[in-house]
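Engineer: Sequence below, structure please.
(chains A and B)
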Amino acid sequence: MSRSKEAVAEAPSNVKMETRGVNVFYGANQAIRDVDLDIADRSVTALIGPSGCGKSTYLRALNRMNDTIDGCRVEGRILLDGEDIYDRDVDAVEVRRRVGMVFQKSNPFPKSVFENVAFGLRIGGEKDKDVIAQRVEESLKGAALWDEVKDRLQSSALGLSGGQQQRLCIARCLAVWPEVILMDEPASALDPIATAKIEELIRELRERYTIVIVTHSMQQAARVSDFTAFFYMGELIEYGKTDLMFTRPSRKRTEEYISGRFG
Amino acid sequence: MSNTNRPLLTHTHQEFEAELRNLKDRLLAMGGRCEQMISIAVRAFEERDAALAQEVIEADRQMDEDELAVDEMAVRLLALRQPVGRDLRFAVAAVKASTDLERIGDEAVNIAERAIEMEISDRLSPPRAKLPEMAQRAGAMLGDALNALVEEDAAKARDVFEQDDAVDDIYSQVMGLCIDYMRNNPSRIPDGMRICNCAKYLERIADHATNIAEMVIFLVEGRDVRHGHG
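Structural biologist: Reported below is the predicted structural model:
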C-alpha cells in the first residue's frame, strides 16, 4: 500500500472527484507523487502545505490547467463523477466549465461588471439577451456582490475594490454553472473584512458546489473547510476531517506544520 | 517519513515556545506546592499541630494566585497564538488541571482545619491510623500524574487510574473502622466524624489526581477518556 493510501483515514461518503495514483511531472522533475485523494461532493476541501509542496500543481491537475504548461505531464486517474477528465475523447474546455477556477490575484477583464460575468456565456455561444441578463444577476447574487454593484453594472470592473473584484471573479465562474470550484489562495491579497466576506461566501457556495481551496493560512483552512489535505514534498501526508486535523492530527509532520514548527 | 519516534520539532516562533514552557512550569510548580500541602496537612492532623495547619492555610493563598495565573496564561496563548493540535490540547488541559490542583489545595486546607479541631487524646484511634497510608497513596497519585504530565507519558497516566481503586478501598475500610469506633465510643463521635471527613478529603484528592491523569491522556493522545469514554 502506498503512503498516500495509508494517509486517507476518513474518506468522504459522497465523492465528486476521485484521484488515484496521481503523478505530475514538470519535465524531469516530479512535483506530485502517487496521490490518492477523494474530493467530497458539496463540501469544502482545503489543500495545505509549505510552498513547493505541490498543492497548487495538484489543484491545477483537477481541471487540466496544467495542459497549458509546457513540459507538464499528468499520470494516474482523475475522475469527475466517475469519468476520467484526461480521457482522449473528453473536451478540456468542457472540463474547465464544469470545474471552474478562481485565482490568487483577482483578474477581471478590462470590461464592465456585466460583461465580465457574461463573458463565459458569450464564449459558450449564448445569444439570448434575457438569458444572459438573468444569469448575470443570478451569478452576482450567488457571489454576494449583487447589492453592491446592481446600480453600476455598466461601470468598469477595474473600479471595484480588491474584495469586490475577487467576488466578481467568483460570479464569472458561477455564470457557466460549474459543479466544482477550485480556488488558489483566493483571499491572500485581501484585507480581513474582504477576507471574511470571501470566507462567508465559500461557506454558502458549498451548499451547491464542490469547492477545493489552496491556502497558506491555517486559520482560513480551519474556518472554511470540511476536509483538509496536507501535502509535503509532493506527497499527500494526511487527509481527514478538518476538525480532527486541527485538534489531533495523526501524523507528526502534519502536527508540526499546522502548529508552526517548521524545522 | 512522518511517523518517526523523534520528538516534535520546537516552534519556529521562539516566544511561543517559551510561553508554552512557562505555562507548563507554572502548572508543575503549582502541582509541587499541592504535594507539599497534602503532606503538611496530614502531619498537622497526625500531630495536631496548629502551626503546621496554619502553614497549609497560608499556602492555599498562593494556590489561588497560581490558578488565576495559569488560566490567564492559557487564555492569552489561545487568543494570541491560536494553537492547534497538541499545543491546543495542552492549553485546554492546563486550564482544567489548574482547577483540579486548586481544589486539591482546598482539600488540604480542610484537613488542616479538622486537625485544629481534634481532641489531643484521639491520637491512637484505629481509624485514624489508616489516614497516613491514604495520604501517602493520594500524594503518590498526584506525583505520578504530574510526572506523566512532565514526560507526556500516557502509560504513566493510566497507571494513576489503577491506584485510585486502591485509595477507594482504603476509604471504605476507614469508614468501617470509624463506624465501629463511634459505636463503641459515643462520646468520641465528633472526632470520628472528623476522621471520616479527612478520609473523604483524601479520597477527593485522589479523584482530582485522576482527573489530571485523564487530561494527560487527552494531551498526548487527543482522546477524552473522562466518564468512561474513549
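
Engineer: So which residues on the stretch 151-263 of chain A come close to chain B?
Structural biologist: Selection of the stretch 151-263 of chain A residues close to chain B by Cβ under 8 Å from any Cβ of the partner chain yields A:218-219, A:222, A:232, A:235, A:237-238, A:246-249, A:251-256, A:258-263. For the C-beta atoms, the positions are set from N, CA and C on the backbone; glycine is no exception.

Engineer: Drop the exposed ones from the residues you listed and show what's left.
Structural biologist: Neighbour-count burial (16 or more other Cβ atoms under 10 Å in any protein chain shown) is assigned, among those, to A:218, A:222, A:232, A:235, A:237-238, A:246-249, A:251-256, A:258-261.

Engineer: Which ones among those residues map onto helices?
Structural biologist: With helices defined by DSSP state H, the entries of these inside them are A:Met218, A:Ala222, A:Phe246, A:Thr247, A:Lys252, A:Arg253, A:Thr254, A:Glu255, A:Glu256, A:Ile258.

Engineer: got TSV for those residues, with pLDDT and distance to A:Val102 too?
Structural biologist: Putting these into TSV (pLDDT from 0 to 100; distance: Cβ to Cβ, whole Å) gives the following:
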residue	pLDDT	distance to A:Val102
A:Met218	91	20
A:Ala222	95	20
A:Phe246	94	24
A:Thr247	93	29
A:Lys252	92	33
A:Arg253	93	29
A:Thr254	94	26
A:Glu255	93	30
A:Glu256	93	30
A:Ile258	93	24
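
Engineer: element containing the closest residue to A:Met233 other than its chain neighbours, please.
Structural biologist: Leaving aside its chain neighbours, A:Met233 sits nearest to A:Cys53 (6.2 Å; criterion: Cβ to Cβ, 6 or more residues apart in numbering or on different chains). Secondary structure assigned from DSSP states H and E places A:Cys53 in neither a helix nor a strand.

Engineer: what residue lies at the spatial centre of chain A?
Structural biologist: A:Leu182 (1.6 Å; Cα atoms, centre = their mean).

Engineer: in the helix or strand it falls within, what's buried?
Structural biologist: Assigned by DSSP H and E, A:Leu182 belongs to strand A:180-184. Buried residues in strand A:180-184, defined by neighbour count with 16+ other Cβ under 10 Å: A:Val180, A:Ile181, A:Leu182, A:Met183, A:Asp184.

Engineer: Restricting to C-alpha, output that strand in CSV.
Structural biologist: Taking Å, rounded to 0.1, in the frame of the first residue of the first chain, the C-alpha atoms of strand A:180-184 are listed here in CSV:
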residue,chain,number,x,y,z
VAL,A,180,-16.6,22.2,-8.8
ILE,A,181,-14.8,25.4,-8.0
LEU,A,182,-11.1,25.5,-7.5
MET,A,183,-9.7,28.4,-5.5
ASP,A,184,-6.0,29.1,-5.3
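
Engineer: helices or strands next to that strand in the packing?
Structural biologist: Judged by 3 or more Cβ pairs under 8 Å, 6 or more residues apart in numbering or on different chains; DSSP states H and E, strand A:180-184 is in contact with helix A:55-61, strand A:99-102, helix A:162-174, strand A:210-214.

Engineer: need the contact list for A:Leu59.
Structural biologist: A:Leu47, A:Leu182, A:Asp184, A:Val212, A:Val214 (Cβ atoms under 8 Å, 6 or more residues apart in numbering or on different chains).

Engineer: I meant A:Leu174, not that one.
Structural biologist: The contact partners of A:Leu174, by Cβ under 8 Å, 6+ apart, come to A:Gly100, A:Glu138, A:Ser139, A:Gly142, A:Ala143, A:Ile181.

Engineer: correct me, but B:Ala29 touches B:Met63?
Structural biologist: No. Look at B:Ala29 against B:Met63 with Cβ atoms under 8 Å: they stay out of range, at 10.5 Å.

Engineer: Of the two, which one has the most company?
Structural biologist: Comparing B:Ala29 with B:Met63 by other Cβ atoms under 10 Å in any protein chain shown, the one with more neighbours is B:Met63, at 22 against 14.

Engineer: any idea how far that one lies from B:Leu101?
Structural biologist: 7 Å (Cβ to Cβ, to the nearest Å).

Engineer: Next, show the common contact partners of those two.
Structural biologist: B:Met30, B:Cys34.

Engineer: Tell me who's in contact with B:Asp180.
Structural biologist: B:Pro126.

Engineer: So which of the contacts of A:Leu59 is the closest to chain B?
Structural biologist: Ranked by distance to chain B (Cβ to the nearest Cβ), the contacts of A:Leu59 are led by A:Leu47 at 16.8 Å.
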